[in-house]
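In: The sequence and its predicted three-dimensional model are supplied below.
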Amino acid sequence: MRRRQLLHVAAFPIVGTSLAATRLPTVRLVTPYGAILIEIETSRAPLSAGAFLACVNTGAYGGGSFTRIVRPDNDHGYPIISVVQGAAKPVIKAPPVAHEPTSLTGLKHLDGTISLPRDAVGTATGAEFFICIGDQPALDFGAKRNPDGQGFAAFGQVSAGMEIVRRIWGLGAAASSPDPYTAGQLLNPPFPILAAKSVS
């Protein structure tokens with residue numbers, strides 16, 4: 001994209017721990033189609049996850065929107081990908097976050113993975129995200145969707161509501177864009193995020 005597996009759990013729990021202790025933080029995005037739940041990998045991708053959660057917890061995503069859809073029929077990059085991109089409120093100016101490649105985190109861009117869009121390495125912020133539709137290995141470290149080969153910073157996974165993500169991905173997009181790279185990809189109007197909240 002341009003512009004900006006789960007940890008192995010031992011068969012026997014350690015004495016004194018509970019299953020609740022292994023639960024990942026979860027964010028609920030509320031849309032007109034229903035709620036999307038996203039598990040956030042704060043241990044494996046702490047910088048990316050922390051930047052996103054900071055925007056969620058300060059209310060930046062309540063009133064945000066899904067802004068862009070990329071599909072084989074409108075993609076201008078290579079390799080072809082399928083994602084839906086969202087953003088916090090337009091007035092939000094979040095600080096950049098250091099890049100966490102998938103080679104470092106061990107995460108992959110699978111169906112439902114949430115990740116940070118970027119231009120150059122280190123330009124991503126927690127105020128934008130994208131969700132993969134289907135497995136997207138072109139977005140991992142070493143692949144060529146971004147010419148620098150560093151891939152994108154995956155930091156979580158949709159745990160419920162993927163049917164809603166796919167429905168948004170299927171919406172019609174505007175034919176025009178100020179950037180030829182995103183022509184035919186920008187939702188008009190953007191699809192609203194009514195609320196976003198950490199729920200665990």
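Out: Structure's in. What do you need?
In: how far away is the most centrally placed residue in the chain from residue 24?
Out: The structure's the chain has its C-alpha centroid closest to residue 114; by Cα atoms, centre = their mean the separation is 2.9 Å. Distance of residue 114 to residue 24, given as Cβ to Cβ, to the nearest Å: 12 Å. Where C-beta positions appear, they are placed from N, C-alpha and C, glycine not excepted.
In: which residues do the two both contact?
Out: Counting by Cβ atoms under 8 Å, 6 or more residues apart in numbering, the common neighbours of residue 114 and residue 24 are residue 156.
In: what are the ranges of the helices in this structure?
Out: For the chain, the helices defined by DSSP state H cover 46-57, 102-105, 162-169.
In: Could you dump those into JSON lines and include mean pLDDT and distance to residue 35?
Out: Formatted as JSON lines, those follow (pLDDT from 0 to 100; distance: least, Cβ to Cβ, whole Å):
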{"stretch": "helix 46-57", "mean pLDDT": "98", "distance to residue 35": "14"}
{"stretch": "helix 102-105", "mean pLDDT": "98", "distance to residue 35": "26"}
{"stretch": "helix 162-169", "mean pLDDT": "98", "distance to residue 35": "8"}
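In: And these: which comes nearest residue 142?
Out: Closest approach to residue 142 among those is made by helix 102-105 (7.0 Å; Cβ to Cβ).
In: Now the closest one: buried residues?
Out: For helix 102-105, the neighbour count (16 or more other Cβ atoms under 10 Å) marks 102, 105 as buried.
In: where's that helix relative to the chain centroid, distance-wise?
Out: A distance of 16 Å separates the centroid of the chain from that of helix 102-105, by Cα atoms, centre = their mean, to the nearest Å.
In: Would you mind listing where this protein has pLDDT under the threshold?
Out: 1-21, 175 (pLDDT under 70).
In: what about the strands in it?
Out: For the chain, applying DSSP state E gives strands covering 26-31, 34-40, 65-70, 83-87, 113-116, 128-132, 153-160, 186-192, 195-198.
In: any idea of the angle the third one forms with strand 128-132?
Out: Taking axes from the mean of the first three to the mean of the last three Cα atoms, to 10 degrees, one finds that strand 65-70 is oriented at 50 degrees with respect to strand 128-132.
In: Show me what strand 65-70 is packed against.
Out: strand 83-87, helix 162-169, strand 186-192 (3 or more Cβ pairs under 8 Å, 6 or more residues apart in numbering; DSSP states H and E).
In: go with 7 Å
Out: strand 83-87, strand 186-192 (3 or more Cβ pairs under 7 Å, 6 or more residues apart in numbering; DSSP states H and E).
In: Select, out of those, the one closest to residue 126.
Out: Nearest to residue 126, of the helices and strands packed on strand 65-70 and by Cβ to Cβ, is strand 83-87 at 10.6 Å.
In: Can I get that closest one in PDB, CA atoms only?
Out: The C-alpha trace of strand 83-87 is given here as PDB (Å, rounded to 0.1, in the frame of the first residue of the first chain):
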ATOM      1  CA  VAL A  83      -7.800  -4.000   1.700                       C
ATOM      2  CA  VAL A  84     -10.200  -1.500   3.300                       C
ATOM      3  CA  GLN A  85      -8.600   1.500   4.900                       C
ATOM      4  CA  GLY A  86      -9.900   3.600   7.700                       C
ATOM      5  CA  ALA A  87      -8.800   6.800   9.500                       C
END
